[in-house]
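Q: Can you look at this prediction? I've put the sequence above it.
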Amino acid sequence: MTDTLRLPRVEARTPDRPAPQPQPARPAPPKRDSFFDNAKYLAIVLVAMGHAWEPLRDDSRAAAALYITVYAFHMPAFIVISGYFSRSFDASPGRLRRLVTGIAVPYVLFEAAYTLFKRWADDDPTYPVSLLDPWYLTWFLAALFIWRLTTPVWKIVRWPVPLALAIAVLASASPEIGDDLDLQRVLQFLPFFVLGVCLKPEHFRVVRRREARVLAVPVFAAALLFAYWAAPRMNAAWFYRRDSAQELAAPGWAGGVMTLAMFGCSLLLVACFFAWVPGRRLWFTALGAGTLYGYLLHGFLAKGSRFWDWYDHDWIHRPLGEITVTLAAGVVVTLLCSPPVQRVFRFAMEPKMAWAFKETRRGRGRHAGPTRGARSTR
């Protein structure tokens, strides 16, 4: 009887819960292009070797020829790449923040560090600290800061490269520009940055074709032969682009001629250099991400070698010594680009500095919840 009167069990129902919302997928970091990392690494190796050859030029015509050839294209290549990767700069808060932390702050820190190093190593305790007068390698950071700020202008004008060339020509004939922020270099190297801003991926594909690699061989051979002939006849300071023509004891009109001629020659050698850069991932590809570390840090050894008279030994000025110096420069700058060195000096080269900036609306959106965070990442 009790069995027939037993009521069926009714399981307790839990209140309906909203289905969990999927968390928005974090965008994957952009994949680095091995070609550009390889190009930056090879260029920084040439920079270091060029600095190592500088004290050898008076005793070796071959070293002088190599020096002139490398100086004709190594910094232009760097600057073209810098312009190419500045194409997206739009003065938005995020990009301005990276401009400050990635360029302005390292400029201030290394300008001070180089000055203190010179005071100690060169026994010059009164050498002044000046943020308006870049010392040695820091000029590139000052120039890159200015160039990148002007990027939006070059993206809207009708003929950006001819306009930049006109500015460079005028600068080369204007000694009154002075030395503040190395403006001569800023203006005379400007066409290479603007060219980089205007380039597209297909332009690099053209110079990486097999035909271009083959043509690059006789072009570089001709450049070396010309440099060997010109070494005792030409003032290498033209390649530094830090002085006007008048400051190099030449008439003003020569500045315009040399600016246009060197732009053409440098552009041709840059194209040949890119033609030889491998596009696949190699053992040194990862070092391309640390070239700014190698660039700024090797300057202490490059200048220290002069302050401490390392080049006073006779054996260094013989062929075996010149080869040893060249290989040593390549090894040192390679080590300075390595990940362990990057980790040690990241506080100076890539500081976070969140405390120094206001939180933007985009930044607040990332912490407001899944829906708002997903919208803010679009």
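A: That came through, no problem.

Q: Next SSE downstream of the strand or helix carrying Tyr41?
A: Element membership of Tyr41, judged by DSSP states H and E, is helix 34-53. Where DSSP H and E defines the elements, the next helix or strand beyond helix 34-53 is helix 61-71.

Q: what comes into contact with the very next helix or strand once past that following helix?
A: As assigned by DSSP H and E, the chain's next helix or strand after helix 61-71 is helix 74-84. Helix 74-84 is contacted by residues 36, 39-40, 43-44, 46-47, 50, 140, 144, 147, 189, 192-199, 266-267, 269-270, 273-274 when judged by CB atoms under 8 Å, 6 or more residues apart in numbering. In this view, the C-beta of every residue, glycine as well, is placed from N, C-alpha and C.

Q: again, only this time at 6 Å
A: Helix 74-84 is contacted from outside by 43, 46-47, 144, 189, 192-193, 195-197, 199, 266, 270, 273, using CB atoms under 6 Å, 6 or more residues apart in numbering.

Q: Buried ones in it, by neighbour count?
A: Neighbour counts using 16 or more other CB atoms under 10 Å place His74, Met75, Pro76, Ala77, Phe78, Ile79, Val80, Ile81, Ser82, Gly83, Tyr84 of helix 74-84 among the buried residues.

Q: Compile these into CSV and extend it with columns for distance to Trp355 and pLDDT.
A: What follows is those, written out as CSV (distance: CB to CB, whole Å; pLDDT from 0 to 100):
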residue, distance to Trp355, pLDDT
His74, 37, 94
Met75, 35, 95
Pro76, 38, 96
Ala77, 37, 96
Phe78, 32, 93
Ile79, 32, 97
Val80, 35, 97
Ile81, 32, 96
Ser82, 28, 95
Gly83, 31, 96
Tyr84, 32, 97
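
Q: Looking at those residues, spot the one nearest Arg185.
A: Met75 (9.2 Å; CB to CB).

Q: Just the strands from this structure, written as ranges.
A: Ranges of strands within the chain: none, based on DSSP state E.

Q: Listing request: residues of it with sub-threshold pLDDT.
A: 1-30, 360-378 (pLDDT under 70).

Q: now, which of the contacts of helix 74-84 sits nearest Ala354?
A: Leu144 (23.0 Å).

Q: Can you name the residues that contact that closest one?
A: With contact taken as CB under 6 Å, 6+ apart, Leu144 is in contact with Ser82, Ile103.

Q: How much space separates it from Phe89?
A: 11 Å (CB to CB, to the nearest Å).

Q: The helix holding Tyr41 relative to helix 74-84, how many degrees between them?
A: Interaxial angle, helix 34-53 versus helix 74-84 (axes from the mean of the first three to the mean of the last three CA atoms, to 10 degrees): 150 degrees.

Q: In terms of secondary structure, what does helix 34-53 contact?
A: helix 61-71, helix 74-84, helix 291-307, helix 319-336 (3 or more CB pairs under 6 Å, 6 or more residues apart in numbering; DSSP states H and E).

Q: which among the contacts of helix 74-84 end up buried?
A: Counted by 16+ other CB under 10 Å, those give 43, 46-47, 144, 189, 192-193, 195-197, 266, 270, 273 as buried.

Q: Reformat the residues you listed into JSON lines and put distance to Pro251 next to each item.
A: Putting the buried ones among the contacts of helix 74-84 into JSON lines (distance: CB to CB, whole Å) gives the following:
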{"residue": "Ala43", "distance to Pro251": "33"}
{"residue": "Leu46", "distance to Pro251": "32"}
{"residue": "Val47", "distance to Pro251": "31"}
{"residue": "Leu144", "distance to Pro251": "31"}
{"residue": "Phe189", "distance to Pro251": "22"}
{"residue": "Phe192", "distance to Pro251": "25"}
{"residue": "Phe193", "distance to Pro251": "27"}
{"residue": "Leu195", "distance to Pro251": "27"}
{"residue": "Gly196", "distance to Pro251": "31"}
{"residue": "Val197", "distance to Pro251": "32"}
{"residue": "Ser266", "distance to Pro251": "22"}
{"residue": "Val270", "distance to Pro251": "28"}
{"residue": "Phe273", "distance to Pro251": "32"}
